[in-house]
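>>> build the 3D model from these lines:
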Amino acid sequence: MNSNTSTQKARLFKLLAKGTEVTIAEASKRLSIANPSAVVAQLRDDGLPIYTNRRKNAQGQTVYKYRLDTKALASV
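The predicted structure is shown next:
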């Protein structure tokens with residue numbers, strides 16, 4: 001794993017650990033992650049309980065948000 005990948009994982013984890021839900025578009029823009037889905041997959045492979053929740057946005061469109069289960073994380 002290169003340092004850029006590690007940095008991307010760290011940035012996304014830090015945001016999710018605050019209890020923030022984030023979409024792929026938000027992670028891409030706010031965190032400068034080119035492929036947020038791949039980074040989430042890596043974090044899941046590392047054992048982190050990251051869930052994908054389906055929501056409707058203000059325009060009625062379905063969006064998917066990633067969320068870290070901080071309660072499950074605290075019990076590990």
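
>>> which residue is nearest the centroid of this structure?
Tyr66 (4.8 Å; Cα atoms, centre = their mean).

>>> dig out what that one forms beta bridges with.
Here Tyr66 sits in beta bridges with Val22, Thr52, going by DSSP bridges.

>>> next one: it, what pLDDT does it get?
Looking at Tyr66, its pLDDT stands at 97.

>>> surely it touches Ala41?
No - assessed by Cβ atoms under 8 Å, Tyr66 is found out of contact with Ala41, at 10.8 Å. Where you see a C-beta, it was placed from the backbone N, CA and C, and this is true even at glycine.

>>> what sits against the residue nearest to the centre of the chain?
Shown in contact with Tyr66 (Cβ atoms under 8 Å, 6 or more residues apart in numbering): 16, 21-24, 27, 36, 40, 50-53.

>>> what about Ala8, which helix or strand?
Ala isn't right for residue 8; it's Gln. Secondary structure assignment for Gln8, by DSSP states H and E: helix 3-17.

>>> no wait, Arg44
helix 36-45.

>>> looking at the contacts of Tyr66, which one is closest to Asn4?
Set against Asn4, the nearest of the contacts of Tyr66 by Cβ to Cβ is Pro36 (13.8 Å).

>>> low-confidence ranges in the chain?
Scanning the chain for pLDDT under 70 picks out the ranges 1-3, 74-76.

>>> thinking again about what came up before, for the helix holding Gln8, packing partners?
On a contact count with 3 or more Cβ pairs under 8 Å, 6 or more residues apart in numbering; DSSP states H and E, helix 3-17 meets strand 22-23, helix 24-31, helix 36-45, strand 62-68.

>>> so it versus strand 62-68, what angle?
Interaxial angle, helix 3-17 versus strand 62-68 (axes from the mean of the first three to the mean of the last three Cα atoms, to 10 degrees): 90 degrees.

>>> rewinding a little: for Asn4, which of the helices and strands packed on helix 3-17 is the nearest?
helix 36-45 (10.6 Å).
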